[in-house]
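Chemist: let's see this in three dimensions:
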Amino acid sequence: MAEPRTPGADEIRALVRRIVDATLEGGSAGTLGSASAPSARGADQAPAPAGDGRVRVAIGTDHGGWQLKDVIKKQLTEAGYAVHDCGTNGPEAVDYPDIALAVARLVAEGTCRWGIILDGAGIGSAMVANKVPGVRAANCHDLSSARNSREHNHANVLTLGARFLGEGLTLEVVKVWLGTPWGPGRHADRVAKITDVERTYSTAAPGGRAG
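Modeler: Residues are numbered from 1 along each chain as shown. Purely as a prediction, here's the structure:
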């Protein structure tokens, strides 16, 4: 896999600002949300939909969740989403950081509006994805954490532990996560503080330490 290009400080600041300031409208909880293009409100800031107007979702997994990935992908496609599959597609071992980075970059750059990543526990993939400026990845294990991560924390990437979640619960978590809109008011204010931290360390000296 080719080494990702390291963006400059100006690119990072612009990317973070665009992703975090975007106003994206979801559907009601319990549905798969809106799989169509964003409304005029905030449309200039929202990630671009597919050419046919469907919302793009990036999905990827390591070898521990490839079968479950296919089940989620089928549900998303049937619900009207355009799915960008980042692999893997078999039991051969792959490194979860590679997959998580591929999904996170698609969300951060605006190619996909949402991202879903699976590995054994979902924890490692969340750690990787959250290193990408503009990404807020949440490792969710039930409906409450899925709903909270969206309403309170404005998550744009969902990570799942394939070893810990059965197929039925996984599909429900995805449904609730996509169907819960970002919360305004105090939730947005607190997410802005997360962004402030990210901006501080995104413009820090090499090695992640503030200069």
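Chemist: pLDDT averaged over stretch 101-115 - what is it?
Modeler: Averaged over stretch 101-115, pLDDT sits at 98.
Chemist: only C-alpha atoms, please: export that stretch in PDB.
Modeler: Provided in PDB are the C-alpha atoms of stretch 101-115 (Å, rounded to 0.1, in the frame of the first residue of the first chain):
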ATOM      1  CA  LEU A 101      -6.900   4.600   7.500                       C
ATOM      2  CA  ALA A 102      -8.500   3.900   4.100                       C
ATOM      3  CA  VAL A 103     -12.000   4.400   5.500                       C
ATOM      4  CA  ALA A 104     -11.100   7.500   7.600                       C
ATOM      5  CA  ARG A 105      -9.400   9.300   4.700                       C
ATOM      6  CA  LEU A 106     -12.500   8.900   2.500                       C
ATOM      7  CA  VAL A 107     -14.600  10.600   5.200                       C
ATOM      8  CA  ALA A 108     -12.000  13.300   6.000                       C
ATOM      9  CA  GLU A 109     -11.500  14.300   2.400                       C
ATOM     10  CA  GLY A 110     -15.300  14.400   1.700                       C
ATOM     11  CA  THR A 111     -15.500  11.500  -0.700                       C
ATOM     12  CA  CYS A 112     -17.800   9.700   1.700                       C
ATOM     13  CA  ARG A 113     -20.100  11.200   4.300                       C
ATOM     14  CA  TRP A 114     -19.900   8.400   6.800                       C
ATOM     15  CA  GLY A 115     -17.500   5.500   7.600                       C
END
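Chemist: tell me which residues in that stretch are buried?
Modeler: 101-108, 110, 112-115 (16 or more other Cβ atoms under 10 Å). C-betas here are computed from N, CA, C, even on glycine.
Chemist: again, but for stretch 117-127
Modeler: Within stretch 117-127, judged by 16+ other Cβ under 10 Å, the buried ones are 117-122, 124-126.
Chemist: likewise stretch 163-170?
Modeler: For stretch 163-170, the neighbour count (16+ other Cβ under 10 Å) marks 165, 170 as buried.
Chemist: okay, how far is it across it, tip to tip?
Modeler: Using Cα to Cα, to the nearest Å, the end-to-end distance of stretch 163-170 comes to 11 Å.
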